[in-house]
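J.: Give me coordinates for this.
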Amino acid sequence: MKIRRMGTLPDCTDVQEVVIANESGMAAHIITYGAVIKNLKVPDENGNMDDLVLGQDTLEEYRRNPSCSAAVIGRVANRIKGGEFHVNGRGYWLERNDRGNCLHSGSAGYASKNFHIAAGGDDWVTLYWKDSAADGFPGSVSLEVTYRVMADDALDIRYRLIPEEDTPVNLTNHVYFNLSGGKDATVFNHEMRIMADFYTPVTSDRIPTGEIRKVAGTNLDFTNRRTLGEVLNETLGLDDNYVLRGWGYRKAAELWHEKSGRWMEVYTDQPGIQIYTGNHFDGSLACKGGVRYEKYAGICFETQGFPNAVNCSHFPDCIVRKNTVFASRTTYRFHIGPQPEGNGK
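T.: Model prediction:
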């Protein structure tokens, strides 16, 4: 791995940028601030290397506007109703930063923490962070995040967390993909399939109702391959949690971009995947290379537990017991060439 200093935070600590790569040239640039995936360079069918993730160019821009940051999200990703939950009979109250609810753990979230480089090699790096009970959650936790650029052109992410007290945990990465490498302003002409027959419907403030409903007959049905533009033209954008089929490490989703010849697979061991299409982008902010991201500029595949699971006893349990290990894996695998059959289940 190659390491360079990217900048300095107000507390005088340095932020480092780490470059990891495989032998075929695929490379990931990871910064310690937020454990952000700053760049992900993948070849197209002509061998041209393009950056497939949205983001910023400088540390100052990431700090000013983290809304397009490919950061690690935790201790609890997604929404907690009212910013309130109970563990072992004790109540906890968090920042209400999204329509009266807590989103992505608020300002205490990992997206604004400066991780430490724990170890690494040519194609991998492990970042470390220990958060505090002062952030509103029970006890402290120790977290390691390992990024690896695999020989088969995949970016593999592994999380390992140990809490000092029983605590809710839901970790993900908020990376936005655009397989055109910046040549298309939106993901309208991308095609997607999701390995899910059900989703968790939400109220007007994006909190799950508790129901688990079939996607069949709705605009959320991606059991067969569909062009994103078909759906985005009929909705206000996607921001929905899908209930993935099966258990263990398995395929969760596929994304295609015909013009570049690229397609991507998402694998995870998590029960859900939140699909988000950058609905908040409005062209007002200059990002990488001065490009102003428009609505639907990228798409997130946030592999995770269900939103508000800490307050829904019938959702998959998100409580990790003290001094036990929480481990999770997500892989984004990239391909070039003929697209596979994508219309079956």
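J.: okay, CA-based contacts and neighbour counts for the rest of this
T.: Noted.
J.: Any regions of the stretch 1-150 of the chain where pLDDT drops low?
T.: 134 (pLDDT under 70).
J.: all helices for it, in order.
T.: 59-64 (DSSP state H, counting those that start in this stretch).
J.: Can you show me the strands along it?
T.: For the stretch 1-150 of the chain, the strands defined by DSSP state E, counting those that start in this stretch occupy 2-8, 14-21, 27-31, 36-43, 49-51, 72-73, 79-80, 84-87, 90-93, 102-103, 116-121, 124-130, 141-149.
J.: Please identify the most buried of these.
T.: Across the strands of the stretch 1-150 of the chain, averaging neighbours per residue (mean count of other Cα atoms under 10 Å) puts strand 79-80 on top, at a mean of 26.
J.: any residues touching that strand, and which ones?
T.: With contacts defined as Cα atoms under 8 Å, 6 or more residues apart in numbering, strand 79-80 is touched by 101-105, 206-207, 307-311.
J.: Need the residue in the chain that's farthest from the chain's center.
T.: Gly89 (31.0 Å; Cα atoms, centre = their mean).
J.: Roughly how far does that one sit from Glu45?
T.: Distance from Gly89 to Glu45, counting by Cα to Cα, to the nearest Å: 56 Å.
J.: Would you confirm that Ser260 contacts Gly47?
T.: No - using Cα atoms under 8 Å, Ser260 is not in contact with Gly47; the gap is 10.2 Å.
J.: the more surrounded of the two?
T.: Between Ser260 and Gly47, counted using other Cα atoms under 10 Å, the more crowded position is Ser260 (19 against 10).
J.: who touches the more buried one in this structure?
T.: Counting by Cα under 8 Å, 6+ apart, Ser260 has contacts 44-45, 179-180.
J.: one more time with 6 Å
T.: Taking Cα atoms under 6 Å, 6 or more residues apart in numbering as the criterion, Ser260 is in contact with Asp44.
J.: phi, psi of it?
T.: With angles defined as degrees, to the nearest 10, Ser260 sits at phi -90, psi -20.
J.: right, so of the strands of the stretch 1-150 of the chain, which gets closest to Asn173?
T.: Across the strands of the stretch 1-150 of the chain, Asn173 has its closest neighbour in strand 72-73 (4.5 Å, Cα to Cα).
J.: contact partners of the closest one?
T.: For strand 72-73, the surrounding residues in contact (Cα under 6 Å, 6+ apart) are 34-35, 110-111, 171-173.
J.: Which of the residues you listed are buried? Put it as a PyMOL command.
T.: Buried residues among the contacts of strand 72-73 (16 or more other Cα atoms under 10 Å), as a PyMOL selection:
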select buried, resi 34+35+110+111+171+172+173
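J.: could you redo the contacts of strand 72-73 as JSON lines and give each row distance to Trp124?
T.: Shown next, in JSON lines, are the contacts of strand 72-73 (distance: Cα to Cα, whole Å):
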{"residue": "Gly34", "distance to Trp124": "17"}
{"residue": "Ala35", "distance to Trp124": "13"}
{"residue": "Tyr110", "distance to Trp124": "20"}
{"residue": "Ala111", "distance to Trp124": "20"}
{"residue": "Leu171", "distance to Trp124": "19"}
{"residue": "Thr172", "distance to Trp124": "18"}
{"residue": "Asn173", "distance to Trp124": "17"}
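J.: before we move on, the earlier item: what's the closest of the strands of the stretch 1-150 of the chain to Arg245?
T.: That would be strand 79-80 among the strands of the stretch 1-150 of the chain, by Cα to Cα, at 22.2 Å.
J.: Give the pairing partners of that closest one; include direction for each.
T.: As defined by DSSP bridges, the strand partners of strand 79-80 come to strand 102-103 (antiparallel).
J.: Run through who's touching the strand it pairs with.
T.: By Cα under 6 Å, 6+ apart, the residues outside strand 102-103 that reach it are 78-80, 83, 95-96.
J.: Only C-alpha atoms, please: export the helix or strand that contains Ala253 in CSV.
T.: Counting by DSSP states H and E, the element that carries Ala253 is strand 250-257. The C-alpha coordinates for strand 250-257 follow below in CSV (Å, rounded to 0.1, in the frame of the first residue of the first chain):
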residue,chain,number,x,y,z
ARG,A,250,-24.8,-14.6,-0.7
LYS,A,251,-25.5,-12.4,-3.6
ALA,A,252,-27.7,-9.4,-2.8
ALA,A,253,-27.9,-7.3,-6.0
GLU,A,254,-26.6,-6.7,-9.5
LEU,A,255,-26.1,-3.5,-11.5
TRP,A,256,-25.3,-3.1,-15.2
HIS,A,257,-24.1,-0.2,-17.4
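J.: chain center to that strand: distance?
T.: Put simply, strand 250-257 sits 14 Å off its chain's centre (Cα atoms, centre = their mean, to the nearest Å).
J.: elements contacting that strand?
T.: The contact analysis (3 or more Cα pairs under 6 Å, 6 or more residues apart in numbering; DSSP states H and E) places strand 250-257 against strand 191-194, strand 262-268.
J.: 10 Å instead?
T.: Judged by 3 or more Cα pairs under 10 Å, 6 or more residues apart in numbering; DSSP states H and E, the packing partners of strand 250-257 are strand 191-194, strand 226-227, strand 239-244, strand 262-268, strand 272-276, strand 299-304, strand 326-336.
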